[in-house]
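>>> Next comes the sequence, and after it the predicted model I'd like to discuss.
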Amino acid sequence: MTNFMSVHVVVLGSKQAGKTAVIVRFLTKRYIGEYKSNIDWLYKHSVTFDDMVSNVEILDVSRWPNDSMPEEEVRWADACLVIYSICDRDSFNKAHDSLDLVHRLRAPGYVPIVLVGNKKDLEHCRQVSYEDGSELASQYGCKFYEVSAADSFVEVSTAFQNLIREARTLHLQRSLPRQRKLSIVSMSKMFGAMFGKTSPKVVVKDKRPSFSL
Ligand SMILES: Nc1nc2c(ncn2[C@@H]2O[C@H](COP(=O)(O)OP(=O)(O)OP(=O)(O)O)[C@@H](O)[C@H]2O)c(=O)[nH]1
């Protein structure tokens, strides 16, 4: 089992979209109906999947969009989960604003995002179609899930796991060139130790993997 670096996830969405319910469902497998929160919560947890342990920090941003934009929180994040309620058109519009915010603050870099339409158990009061959610997600190049924190752990977990998986892969890719550099330095040290003097001139062509992110 490999131990991994911590991954920071920010959860953005309007009030009552189900941010806390979804996070608690993912971390505890349980659904707890009522929370009172007017402050941001940071959950620290280790999660295991793909035979890896990840230390995740999940920030539940409760104050926005009623107050100020959570710019600092978005900059802190390695990954963003943007949530709306399928029963609330306004929350969908605010999810759109959140996606805009993430893109504005993180461009031209890349940050993994998933868009989640919550409360799909309340089909009878649906105001946002699956197609609308899916279209918005493809506009921003992110994955899309409809879930019910109330009804199912599996879908919520799939959304979080895919997000964390992508953030981990990105970490790994970004650290690759440095690792390669380190191994070149230690090879030259090894030559120095073997031959008792400075290492022979080894010309290493720059063959770093290239990533278009
Ligand atoms: N039916 C149903 N209700 C849900 C679901 N998820 C959350 N709720 C309810 O929606 C309300 C808001 O849920 P919260 O998790 O507190 O939402 P929040 O986005 O954290 O809300 P704030 O703390 O106000 O920002 C609560 O009454 C939950 O019980 C769901 O999947 N289905």
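All right, it came through fine.

>>> Surely residue 54 forms part of a helix?
No. The assignment for residue 54 is strand, going by DSSP: H, G, I helix; E, B strand; the rest coil, so no helix is present there.

>>> Need the three-state assignment for residue 96.
Classification of residue 96 by three-state DSSP places it in helix.

>>> which residues touch it?
Each residue near residue 96 by CB atoms under 8 Å, 6 or more residues apart in numbering is listed here: residue 136. Where C-beta positions appear, they are placed from N, C-alpha and C, glycine not excepted.

>>> what's the answer for residue 105, then?
Remark: with contacts taken as CB under 8 Å, 6+ apart, residue 105 is in contact with 71, 74-75.

>>> Show me which residues of the protein sit near the ligand.
By the rule CB under 6 Å from any ligand atom, the part of the chain lying against the ligand is 13, 15-21, 33-35, 37, 62, 118-119, 121-122, 148-150.

>>> Just the ones of the residues you listed in helices?
Under the assignment DSSP state H, the residues of the chain next to the ligand contribute 19-21 to helices.

>>> Mind telling me what element the nearest residue to residue 55 once chain neighbours are set aside is part of?
Nearest in space to residue 55, with sequence neighbours left out and distances taken as CB to CB, 6 or more residues apart in numbering, is residue 6 at 3.9 Å. Secondary-structure element containing residue 6, defined by DSSP states H and E: strand 2-13.

>>> Note down every partner strand of that strand and its orientation.
strand 52-60 (parallel), strand 79-85 (parallel) (DSSP bridges).

>>> Tell me the bridge partners for the most centrally placed residue in the chain.
Computing the C-alpha centroid of the chain and ranking residues by CA atoms, centre = their mean puts residue 79 first, at 2.4 Å. Note on residue 79: beta-bridge partners by DSSP bridges are residue 9.

>>> residue contacts, it?
Residue 79 touches 7-10, 111-113, 163-164, 166-167, counting by CB under 8 Å, 6+ apart.

>>> distance of it from residue 72?
Look at residue 79 and residue 72: by CB to CB, to the nearest Å, they are 16 Å apart.

>>> Phi and psi next, for residue 129.
When quoted as degrees, to the nearest 10, the phi and psi of residue 129 stand at phi -70, psi 160.

>>> residue contacts, residue 83?
11-13, 17-19, 22, 95, 115-118.

>>> Compute the number of surrounding residues for residue 48.
Residues near residue 48, counting by other CB atoms under 10 Å, number 9.

>>> quick one on the thing from earlier: which among the contacts of residue 105 end up buried?
Applying a neighbour-count criterion of 16 or more other CB atoms under 10 Å, the buried members of the contacts of residue 105 are residue 74.
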